[in-house]
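In: Give me a model of this one.
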Amino acid sequence: MAESILRCIDLAKDYRDGGRSVSVLSGVQFDLKASERVAIIGKSGAGKSTLLNLLGGLDVPTSGYVEVSGQRMNSLSEASRCRWRNQNLGFVFQFHHLLPEFSAVEAVAMPARIAGLSRRQSLAKARELLEEVGLGDRLDHRPGALSGGERQRVAIARALVNGPGCVLMDEPTGNLDPEASEQVLAMMRALGERNTAFIVVTHDPAVASQMDRRLELRDRALHPA
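Out: Model prediction:
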């Protein structure tokens, strides 16, 4: 049986709204296997981004826990959680969040530098990944000289540079035209051989249909879709 890369047990998240408590998630159970690609769908306001933030250790649950590569995120200090996240998780958002002053290869190398690799090692890994995602001829281009699809492919390469077991994606094709979206999806299919799991939050049925498993977030919990 495939190893669990990420799982959550009885995950719940409440927020304070004035004088009352609002429950966004309750009793969420989830288990992600190595290399598995899972789509999470749901109506706007259902709590998808909240769930993704909890799975990625960007927020802490009210109760329950998230475990990534065998480590409970809740039990780590904030500094330790940041280090664990850097080495074990990748993130891709609807907007690429590439800094305008960095070239593609410098942007992809940045998480590796944060993890402690030398500049030479980081740039070598970044070049290899950019070539793998079809951007070997765009290494020195800054974001303003790249198309939307190219910028998102740089963001995906950046998410993969430290070899994470799981990459979390929040509407990765939401800001792209259909052709660029298909390029990103084709790249994700090709990256399946890296043994990396993907969790993709999406409103796009075409994106969801290409994942191995689809889950819907409704009534504060995950259900098969």
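In: and residue 222, what does it touch?
Out: Residue 222 makes contact with 28, 29, 30, 40, 51, 215, 216 under the criterion CB atoms under 8 Å, 6 or more residues apart in numbering. From N, CA and C alone the C-beta is placed, and that goes for glycine too.
In: Of those residues, which is the nearest to residue 172?
Out: Set against residue 172, the nearest of those by CB to CB is residue 40 (12.3 Å).
In: Could I get the average pLDDT for the helix or strand containing the closest one?
Out: According to DSSP states H and E, residue 40 maps onto strand 37-41. The average pLDDT for strand 37-41 rounds to 95.
In: what do you get for stretch 68-75?
Out: Here stretch 68-75 scores 89 as its mean pLDDT.
In: The spatially most central residue of the chain and residue 65: what is the separation?
Out: Centroid check for the chain by CA atoms, centre = their mean gives residue 168 as the closest residue, at 1.7 Å. Distance of residue 168 to residue 65, given as CB to CB, to the nearest Å: 17 Å.
In: same check, this time on residue 44
Out: Taking CB to CB, one finds residue 44 at 27 Å from residue 65.
In: Comparing these two, which residue is more hemmed in?
Out: In this view residue 44 and residue 65 are compared by other CB atoms under 10 Å, and residue 65 has more residues nearby, 16 against 7.
In: Name the nearest residue to residue 216, sequence neighbours excluded.
Out: Using CB to CB, 6 or more residues apart in numbering and skipping residues adjacent in sequence, the residue nearest residue 216 is residue 225, 4.0 Å away.
In: re the thing from before, okay, now the sheet partners of the strand holding residue 40, with direction.
Out: strand 197-201 (parallel), strand 213-218 (parallel) (DSSP bridges).
In: can you pull out the strands in this structure?
Out: Applying DSSP state E to the chain gives strands spanning 4-17, 20-33, 37-41, 63-68, 71-72, 89-92, 166-170, 197-201, 213-218, 221-224.
In: and the helix or strand bottoming out on mean pLDDT in the chain, what does it pack onto?
Out: Lowest on mean pLDDT, DSSP states H and E among the helices and strands of the chain sits helix 178-190, with a mean of 80. Applying 3 or more CB pairs under 8 Å, 6 or more residues apart in numbering; DSSP states H and E, one finds that helix 178-190 contacts helix 148-160, helix 205-209.
In: Enumerate the residue intervals of the protein where per-residue confidence is below the cut-off.
Out: Applying pLDDT under 70 to the chain flags residues 1-2, 192-193.
In: what sits against the residue lying closest to residue 25 once chain neighbours are set aside?
Out: The spatial neighbour of residue 25 that comes closest, neighbours along the chain excluded (CB to CB, 6+ apart), is residue 13 at 4.4 Å. Going by CB under 8 Å, 6+ apart, residue 13 touches 23, 24, 25, 47, 50, 51, 54, 59, 61, 62.
In: Which of those residues has the largest number of neighbours?
Out: Within the contacts of residue 13, most neighbours by other CB under 10 Å means residue 51, with 30 neighbours.
In: Now do the same contact list for the residue lying closest to residue 165 once chain neighbours are set aside.
Out: Distances taken as CB to CB, 6+ apart put residue 5 closest to residue 165, at 4.2 Å, once the chain neighbours are dropped. Residue 5 sits next to 32, 33, 34, 36, 68, 69, 165, 166, 197 when contact means CB under 8 Å, 6+ apart.
In: How about residue 98?
Out: Contacts for residue 98 were tallied using CB under 8 Å, 6+ apart; they are 107, 143, 151, 154, 155.
In: Just the buried residues out of those, in ChimeraX syntax.
Out: Filtering the contacts of residue 98 down to the buried ones (16 or more other CB atoms under 10 Å) takes a single ChimeraX command:
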select :107,143,151,154,155
